[in-house]
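**Student:** coords please:
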Amino acid sequence: MIVTLRCLLVDDSLDFLRTARTLLEQEGLEVVGVATTAADALVHAAELRPDVTLVDVDLGTTDGFELARRLAGRPNHDAGHLILISVNAEEDLTDLIEASPAIGFVWKPTLSASVIESMVRDVGGGTRR
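**Tutor:** Numbering: from 1, shown residues only. This is a model prediction of the structure:
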């Protein structure tokens, strides 16, 4: 039985959200929601309980690293595995990524379902169904 990862996308760019959603769904993930603000992300994570939440590190006026910490600190509102995403290179963010509760980082141009699934598999996680 194949079980699809359920994903929440958090980014302040509507164009990126639209493109990423299309790509990930074509590649077999189920995008259960999108959020453009930290407040929306907290609400959607609590309501949707995704397996994976992708969080942009730069959400306009909000720090994506802080949002990741807030999501991880809400055990009753599980956001699933947290993966940070950015247009910035991983090397520019290494210390912040390592200090975060995220299981990994994806450079936006390399975003794919297989990368996400691999990260989740590497930490021994999966879906909650």
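
**Student:** Stretch 55-67 spans what distance, first to last residue?
**Tutor:** End-to-end distance for stretch 55-67, by Cα to Cα, to the nearest Å: 8 Å.

**Student:** hey, where'd the strands end up in this protein?
**Tutor:** Ranges of strands within the chain are 6-10, 30-35, 52-56, 58-59, 62-63, 81-86, 104-107, based on DSSP state E.

**Student:** which secondary structure elements does the first one contact?
**Tutor:** Pointing back at strand 6-10 there. If you count contacts as 3 or more Cβ pairs under 8 Å, 6 or more residues apart in numbering; DSSP states H and E, strand 6-10 packs onto helix 14-26, strand 30-35, helix 38-48, strand 52-56. The C-beta positions use only the backbone N, C-alpha and C, and glycine is treated the same way.

**Student:** run the last query once more with 6 Å
**Tutor:** Strand 6-10 sits against strand 30-35, strand 52-56, with contacts defined as 3 or more Cβ pairs under 6 Å, 6 or more residues apart in numbering; DSSP states H and E.

**Student:** Pairing partners for the longest one, with directions?
**Tutor:** In other words, strand 30-35. strand 6-10 (parallel) (DSSP bridges).

**Student:** Let's see the strand it pairs with as CSV, backbone CA atoms only.
**Tutor:** Taking Å, rounded to 0.1, in the frame of the first residue of the first chain, the C-alpha atoms of strand 6-10 are listed here in CSV:
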residue,chain,number,x,y,z
ARG,A,6,0.5,15.2,3.5
CYS,A,7,2.3,18.6,3.2
LEU,A,8,1.7,22.1,4.3
LEU,A,9,3.5,24.9,2.4
VAL,A,10,4.4,28.1,4.1
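
**Student:** what does that strand contact?
**Tutor:** Strand 6-10 has contacts (Cβ atoms under 6 Å, 6 or more residues apart in numbering) with 17, 20, 29-35, 41, 44, 50-55.

**Student:** do stretch 36-51 as well
**Tutor:** With Cβ under 6 Å, 6+ apart, stretch 36-51 has contacts from 5-8, 10, 12, 32-33, 35, 62, 67, 71, 77-80, 127.
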